[in-house]
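> what follows is a predicted structure for the sequence shown.
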Amino acid sequence: MITPVKMEDSRLWILDQSLLPGQEHYIELRTKEEIWAAIKKLQVRGAPAIGVAAAYGLYRAVRDLESANFQDFARDFHWAKEYIATARPTAVNLFWALERMEERLYQLREQADAETPWEEQRAFIKEGLFQEADAIRREDEQSCLAMGEHGLSLLKKGMGILTHCNAGTLATAKYGTCLAPIYLGQERGYQFRVYADETRPLLQGARLTAWELSREGVDVTLICDNMASTVMKQGLIDAVVVGCDRMAANGDGANKIGTSGVAILAKEYGIPFYMFAPTSTIDLDTASGEEIVIEERDGDEIRSLWYKRPMAPEGIKTYNPAFDVTDHEYITAVVTEKGIVRPPYQDSLRELIHGI
Ligand SMILES: CSC[C@H]1O[C@H](OP(=O)(O)O)[C@H](O)[C@@H]1O
């Protein structure tokens, strides 16, 4: 199965998702500027994949530093971290991964042998930073597999499943979040019928979900976003599965723009709506969806990006929020790698995260 981020011989490569489905092309990222741009331009995208890329990217940005002492190294590390953190505001995994890497930096500082020359300590710290980034990737892979098992327990053979945007292998270290149960089901003969919303304006459903599912032999049908209601009304959909970019403490979940509308439709038609959120995406410091910063993007993504000729009046005003918040009352259950969480989310999420 394809993976969007890989480290080979200490070099960072990402699958340029802005070229999919036409071209499968990996690009190397070497500097904090290149990492920032790749995240901003959605060449690498999807909350967990952004976290993995940011962790590897931060390591790569400091790999060749020849700082004269730890203070200089830590200063340049912090600058790179803070710079990469400005790429996109909504997916909490970006900040979670960067903070984890900086915490590890100071642990490694304590673990380094102070009796050895600083150059040896610096090499020890750099290796430890690489290992931490690699652990973030490996943990996300395992998290996706676990969400696949938990998610599959909610689904039945032959179900019609609607999804929105892309929360598949391309959005994670591997396997995906909400698509993980679909891949497991594919291996176990569940014969799911997947309906993928195209997901305007950046078409992650058409370009990415339809692409990655069909290359794995999954039965997938591409629909326009405005067709979600009719496929539900026709009884073609038995469940909705979506990813998440940031889940607030009360269970409100930010995900790709359009998700909240799908959730409201699902409730209207009595269809279960499952939001898949690894614990790395659950942000208990954010009380509710109202506090989640929603990224706004360039209007040309609406006006012209995918059209050979203008599809709107020249310079027409646009409003292009990249995400919206699904209120917790529209979420039937939250699927995490630690298990399935049901309402009331205020208590169940805190218990899941802190075990209290
Ligand atoms: C597994 S989280 C994927 C999540 O990220 C996507 O946003 P974007 O493509 O802008 O990075 C979308 O919200 C997906 O559900």
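Looks like it came in fine.

> when you work out contacts or count neighbours from here on, use the C-alpha atoms and nothing else.
OK.

> burial count for Ser153?
Neighbours of Ser153 under the rule other Cα atoms under 10 Å: 11.

> I'd like to know how far the residue of the chain most remote from its centre sits from the ligand.
Computed with Cα atoms, centre = their mean, the residue of the chain farthest from its C-alpha average is Glu115, at 41.9 Å. Relative to the ligand, Glu115 is positioned 44 Å away (Cα to the nearest ligand atom, to the nearest Å).

> over to Asn93?
From Asn93 across to the ligand, the span is 9 Å (Cα to the nearest ligand atom).

> near the nearest residue to that residue once chain neighbours are set aside, how many other residues are there?
Nearest-residue entry for Asn93: Gly51, 4.9 Å, with adjacent residues in sequence omitted and distances by Cα to Cα, 6 or more residues apart in numbering. Counted with other Cα under 10 Å, residues neighbouring Gly51 total 31.

> picking that back up, and the pLDDT for the residue farthest from the centre of the chain?
pLDDT for Glu115: 97.

> now do Ile356
At Ile356, pLDDT is 68.

> over to Ala312?
Reported pLDDT at Ala312 in the predicted model: 82.

> hmm, Cys244 is touching Ser280, no?
No - in this structure, Cys244 is not within contact of Ser280 by Cα atoms under 8 Å, at 10.4 Å.

> neighbour count winner among those two?
A count of neighbours by other Cα under 10 Å puts Cys244 above the other of Cys244 and Ser280, at 29 against 25.

> check contacts around the residue farthest from the centre of the chain.
Contact analysis of Glu115 by Cα atoms under 8 Å, 6 or more residues apart in numbering lists nothing.

> what is the neighbour count of Glu99?
Glu99 has 17 neighbours, counted by other Cα under 10 Å.

> circling back to that earlier point, doesn't the residue nearest to Asn93 lie inside a helix?
Yes - the assignment for Gly51 by DSSP: H, G, I helix; E, B strand; the rest coil puts it in a helix.

> now it: how far from the ligand?
Applying Cα to the nearest ligand atom, the value for Gly51 to the ligand is 10 Å.

> one more: Thr279?
For Thr279, the distance to the ligand - Cα to the nearest ligand atom - is 12 Å.

> numbering from 222 from now on, please.
Got it, first residue is 222 now, which makes that one Thr500.

> per-residue pLDDT of Thr539, please?
With respect to pLDDT, Thr539 scores 89.

> quick check: closest non-adjacent residue to it.
Spatially, and ignoring its direct neighbours in sequence, Thr539 is nearest to Gly520 (5.4 Å; Cα to Cα, 6+ apart).

> so what's the residue count around the one you found?
Residues lying near Gly520 (other Cα under 10 Å) number 17.

> how about it, what does it touch?
The contact partners of Gly520, by Cα under 8 Å, 6+ apart, come to 538-541.

> how about a cut-off of 10 Å?
422, 526, 536-542 (Cα atoms under 10 Å, 6 or more residues apart in numbering).

> ok, which pair from those residues is furthest apart?
Using Cα to Cα, the two most remote members of these are Gly536 and Pro542, lying 17.7 Å apart.

> just the contacts of Gly520: which are in strands?
Among the contacts of Gly520, no member falls in strands (criterion: DSSP state E).

> narrow the residues you listed to those that are buried.
Listed as buried from those are 422, 541-542; burial here means 16 or more other Cα atoms under 10 Å.

> what residues does this protein put near the ligand?
Within reach of the ligand by Cα under 6 Å from any ligand atom, the chain has these residues: 266-269, 386-388, 392-393, 398, 463-466, 476-477.

> scan this structure for its longest helix.
helix 339-373 (DSSP state H).

> that helix - contacts with which helices or strands?
Helices and strands touching helix 339-373, by 3 or more Cα pairs under 10 Å, 6 or more residues apart in numbering; DSSP states H and E, are strand 226-229, helix 268-283, helix 291-305, helix 313-332, helix 401-408, strand 494-497, strand 554-557, strand 560-562.

> hmm, try it at 7 Å
The contact analysis (3 or more Cα pairs under 7 Å, 6 or more residues apart in numbering; DSSP states H and E) places helix 339-373 against helix 268-283, helix 313-332, helix 401-408, strand 554-557.
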